[in-house]
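Novice: Sequence and predicted structure below; questions after.
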Amino acid sequence: MRRRPLAEPAPLEIKRPQVPWWVLLPWWALLLLSPFALTWWALLLLIRVLGLLCRYPVMFVTPLAGWLVYRHFGVWPLVLGVLVLVNVLALWAGLHWASFLRHAWYRLGSEWRRLTVYARQWRTVMRLADLVKETKSGEYRPKLRAVRAEGWRDRVRVRMIPAQAPDVWEARRENLAHSFGAHSCRVRVLRPRTIELDFVHRDPLARPVETPVLAEDAQGLDLKRITVGRTETGKPWRVRLLGSQLLVVGVPGAGKGSVLWALVWQLAPAVRAGLVRLVGVDPKGGMELGQCPEIFDRIVFDNGPAAVELLEQIAAEVKERAARYRGVRRLWARETGEPLTVLVVDELADVIAYQVDKNLRERATRAVQTITSQGRAPGCVLVGLVQDPRKEIVGFRHLFSTRVALRLDEPQQVDMVLGDGVRLRGAAAHEISENTPGVAWVKEDGQREPVRARAFHVTDANLAELREYATAADATVHEFPALPDCTDGVAA
Ligand SMILES: Nc1ncnc2c1ncn2[C@@H]1O[C@H](COP(=O)(O)OP(=O)(O)OP(=O)(O)O)[C@@H](O)[C@H]1O
């Protein structure tokens, strides 16, 4: 019998040197192939140069043009040319700052940041952040695609390597932000294998958004696009009310009130014109809606029988209108002559989940479900505000076609409010700062991308103005209720 050695020999740990295959060819074959190889390399070089020209047109073309002018005409025409260019740009900036920023400044910034920040560090950062994969045949590295600098953020498009998932990038957001000198990093999935990283340098929504002047009439009001604030890209934040149901979720102090009052503020002219009827339930004893009860047609300040009766009345109205519209129209319109009913329930959970009387709770839940599931076409909209988005609290979140996630506590809550996968497209509502109440992530059914926005800051002075507006002499369409009597919790 053969004796086994006491210890196995250690494996050889050095890498075998790799020699290119063509070195082994005979000299005559090399001579024969060299013209083809040279042409191939020249072609590759040309493609590379063209690629650089496409990526950095300003940074390549400007120095090239300067050099050509200098070669053919001398130094003074060059100086003159530079002065003319600077003046033209200054004039452009003075005349139309927005288009100058978009087409000149950001363009230059994009090229500059791509060259000096992302392209320069890409390979190192990818390796150190463990986003590359080494195999025997070589290294798989995520590809840096388009870079777009927009002042407050850089949008960096990335082609992931095969078998990589966006979660890996999600987990390394902090590392990437620090590596590329950004405040924070958001990961958005664009399509299979392509993601976009938002490197945020400052928050464009850091300052409160001022409430606009109250409109005199409802002429220009589009109930499908009501402006309630501003998005982070500077566009108006528009909410669809007609044909929609709205759910607003946020921890205490997240600014649910500002979303609600911004909406009411914009609807006020329509309320005065009889186009919209506001109905409210405020189980917190009127702490929220009691700030301007005059604008409401009916209002209840608790979660008891009166609140449930009001909800049931609206549910009955939904059914009655649906029966009348059947075969006549598919969606409420101004021509029907009856108002769009907007039911506001502040702290929806108090009515449908925290009510201790089981019978009342079930009746309220049934009524709210009827309104959310059937109210869209007959013109009954529910605006529900809630702090806790769990299924046990609001089991029919999916019936709300517009969902607003203000500051939340946990990432899972973002999925609960906005829907599965929306957080992966960048909607990090759990990361909204405590210092920016009113900032929210918004998702509307039918729109793929969530939007980050901030609601108007409706101040106490604004609410006083709204009260005055609602009770003005020409507000004759609805009989507004007397100031709420808080002893019985009902004002109708
Ligand atoms: N859009 C906004 N811009 C600036 N400040 C805001 C905005 N919204 C709310 N705030 C401020 O944040 C604070 C809390 O707002 P608000 O009461 O609306 O929060 P909330 O979510 O309704 O809280 P709760 O659930 O306790 O009622 C208030 O002091 C308010 O002035």
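Specialist: Now that the structure is in, tell me what you want to look at. Since we're looking at a predicted model, the values are computed, not measured.

Novice: distance between the ends of stretch 430-443?
Specialist: Counting by C-alpha to C-alpha, to the nearest Å, you get 15 Å between the two ends of stretch 430-443.

Novice: nope, stretch 395-406 is what I meant
Specialist: Stretch 395-406 has its terminal residues 19 Å apart, counting by C-alpha to C-alpha.

Novice: Please apply the same query to stretch 217-224.
Specialist: This stretch, stretch 217-224, spans 17 Å end to end (C-alpha to C-alpha).

Novice: Rounded mean pLDDT for that stretch, please.
Specialist: Mean pLDDT, stretch 217-224: 84.

Novice: tell me which residues of that stretch are tucked away?
Specialist: 218, 221, 223 (16 or more other C-beta atoms under 10 Å). To be clear about C-beta, it is placed using only N, CA and C from the backbone, and glycine gets the same treatment.

Novice: Please apply the same query to stretch 176-188.
Specialist: 176-177, 179-180, 182, 184-188.

Novice: any idea how far it is from the chain center?
Specialist: 17 Å (C-alpha atoms, centre = their mean, to the nearest Å).

Novice: now stretch 99-106
Specialist: For stretch 99-106, the separation from the chain centroid amounts to 23 Å (computed by C-alpha atoms, centre = their mean).

Novice: mind exporting it as PDB, just the C-alpha atoms?
Specialist: Extracted in PDB, the C-alpha atoms of stretch 99-106 (Å, rounded to 0.1, in the frame of the first residue of the first chain):
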ATOM      1  CA  SER A  99     -32.900  78.800 -21.600                       C
ATOM      2  CA  PHE A 100     -29.300  80.000 -21.000                       C
ATOM      3  CA  LEU A 101     -29.100  77.700 -18.000                       C
ATOM      4  CA  ARG A 102     -30.600  74.800 -19.800                       C
ATOM      5  CA  HIS A 103     -28.800  74.900 -23.100                       C
ATOM      6  CA  ALA A 104     -25.500  76.500 -22.200                       C
ATOM      7  CA  TRP A 105     -24.600  76.500 -18.500                       C
ATOM      8  CA  TYR A 106     -25.900  73.000 -17.700                       C
END
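
Novice: which stretches of the stretch 301-450 of the chain form strands?
Specialist: For the stretch 301-450 of the chain, applying DSSP state E, counting those that start in this stretch gives strands covering 340-345, 380-386, 402-405, 439-444.

Novice: Make JSON lines out of those strands and add mean pLDDT and distance to the ligand.
Specialist: Below are those laid out as JSON lines (pLDDT from 0 to 100; distance: least, C-beta to the nearest ligand atom, whole Å):
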{"stretch": "strand 340-345", "mean pLDDT": "94", "distance to the ligand": "12"}
{"stretch": "strand 380-386", "mean pLDDT": "93", "distance to the ligand": "7"}
{"stretch": "strand 402-405", "mean pLDDT": "94", "distance to the ligand": "11"}
{"stretch": "strand 439-444", "mean pLDDT": "94", "distance to the ligand": "7"}
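
Novice: Tell me which of the ones you listed lies nearest to Val49.
Specialist: Closest to Val49 of those is strand 439-444 (C-beta to C-beta; 42.5 Å).

Novice: so who does Gly253 touch?
Specialist: With contacts defined as C-beta atoms under 8 Å, 6 or more residues apart in numbering, Gly253 is in contact with 407, 434, 437.

Novice: The first one against Ala428, yeah?
Specialist: No: Arg407 lies out of contact with Ala428 (C-beta atoms under 8 Å); the separation is 10.6 Å.

Novice: out of these two, which sits in the busier spot?
Specialist: Between Arg407 and Ala428, counted using other C-beta atoms under 10 Å, Arg407 has the larger neighbour count: 24 against 20.

Novice: what's the single longest helix in this protein?
Specialist: Longest among the helix segments of the chain by residue count, using DSSP state H, is helix 27-55.

Novice: Going along the chain from that helix, find the next helix or strand for me.
Specialist: Next along the chain after helix 27-55, taking DSSP states H and E as the criterion, comes helix 57-73.

Novice: where does that following helix sit relative to the chain's centre, distance-wise?
Specialist: When distances are taken as C-alpha atoms, centre = their mean, helix 57-73 is centred 41 Å away from the chain's centroid.

Novice: what angle do that helix and helix 27-55 make?
Specialist: Angle, helix 57-73 to helix 27-55, by axes from the mean of the first three to the mean of the last three C-alpha atoms, to 10 degrees: 100 degrees.

Novice: May I have helix 57-73 as PDB, with CA atoms only?
Specialist: The C-alpha coordinates for helix 57-73 follow below in PDB (Å, rounded to 0.1, in the frame of the first residue of the first chain):
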ATOM      1  CA  PRO A  57     -18.800  68.600 -27.900                       C
ATOM      2  CA  VAL A  58     -18.300  72.000 -26.200                       C
ATOM      3  CA  MET A  59     -15.100  71.100 -24.400                       C
ATOM      4  CA  PHE A  60     -13.500  69.700 -27.600                       C
ATOM      5  CA  VAL A  61     -14.900  71.900 -30.200                       C
ATOM      6  CA  THR A  62     -14.300  75.300 -28.400                       C
ATOM      7  CA  PRO A  63     -10.500  74.800 -27.900                       C
ATOM      8  CA  LEU A  64     -10.200  73.300 -31.400                       C
ATOM      9  CA  ALA A  65     -12.000  76.300 -33.000                       C
ATOM     10  CA  GLY A  66      -9.800  78.700 -30.900                       C
ATOM     11  CA  TRP A  67      -6.700  76.900 -32.100                       C
ATOM     12  CA  LEU A  68      -7.700  77.100 -35.700                       C
ATOM     13  CA  VAL A  69      -8.500  80.800 -35.500                       C
ATOM     14  CA  TYR A  70      -5.200  81.400 -33.800                       C
ATOM     15  CA  ARG A  71      -3.300  79.400 -36.500                       C
ATOM     16  CA  HIS A  72      -5.000  81.100 -39.400                       C
ATOM     17  CA  PHE A  73      -5.600  84.600 -38.200                       C
END
